[in-house]
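A.B. asks: Prediction below, plus the sequence it came from.
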Amino acid sequence: MDITVSNSIHEPIYEQIANQIKKLIINQQLKPGETLPSIRKLAADLHISVITTKRAYDELENEGFIETVVGKGCFVSKENKEFIREKKMRMVEDKLSEVIKDSRVLNIGLQGLKMMIEVLYREV
């Protein structure tokens, strides 16, 4: 599992880890039932705190991406991947709704909003 973290971006390290693992799961590079590295091993590999790695794994478990079996480790959830994708799509829709509300308050038209999204999409 290839995960990289950076201190030079504004996203917290635990979110960087969680988001990269989510992407691997959604893109089916990590399969249902597949074992994830232990919290300690991933922390050591990334040269970060065990607490940071645990927070990433906790977030993944809360969102249904992974399951923890006491004494055995963490595994990719066997939950329906389409359900996870739909849940994430809903989160994106909610965030976009907030952006649209804010853009209306600032009197940013649809074309201006589209242009901002296109620029940001290419940068991220």
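C.D. replies: Yes, it's here.
A.B. asks: all contacts plus neighbour counts: C-alpha atoms, from now on.
C.D. replies: OK.
A.B. asks: neighbours around the closest residue to Ser6 other than its chain neighbours, how many?
C.D. replies: Using C-alpha to C-alpha, 6 or more residues apart in numbering and skipping residues adjacent in sequence, the residue nearest Ser6 is Ile13, 7.2 Å away. Number of residues near Ile13 (other C-alpha atoms under 10 Å) recorded here: 20.
A.B. asks: how close does Ile13 get to Arg122?
C.D. replies: Here the criterion is C-alpha to C-alpha, to the nearest Å. By it, Ile13 lies 22 Å from Arg122.
A.B. asks: Just checking the distance from the strand or helix carrying Gln20 to the centre of its chain.
C.D. replies: When secondary structure is defined by DSSP states H and E, Gln20 falls within helix 13-26. A distance of 4 Å separates the centroid of the chain from that of helix 13-26, by C-alpha atoms, centre = their mean, to the nearest Å.
A.B. asks: what's the spacing between the residue positioned nearest the centre of the chain and Glu61?
C.D. replies: Note on the chain: the residue nearest the mean C-alpha position is Asn19, at 2.2 Å, using C-alpha atoms, centre = their mean. Asn19 sits 12 Å away from Glu61, taking C-alpha to C-alpha as the criterion.
A.B. asks: just Val50 next, same as before
C.D. replies: As judged by C-alpha to C-alpha, Val50 and Glu61 stand 16 Å apart.
A.B. asks: returning to what we had before: pLDDT score for the residue nearest to the centre of the chain?
C.D. replies: Model confidence at Asn19, given as pLDDT, is 94.
A.B. asks: Begin at 698 from now on, thanks
C.D. replies: Let's use 698 as the start, then, which means that last one is Asn716.
A.B. asks: quick one: it and Val767, what's the gap?
C.D. replies: Applying C-alpha to C-alpha, the value for Asn716 to Val767 is 23 Å.
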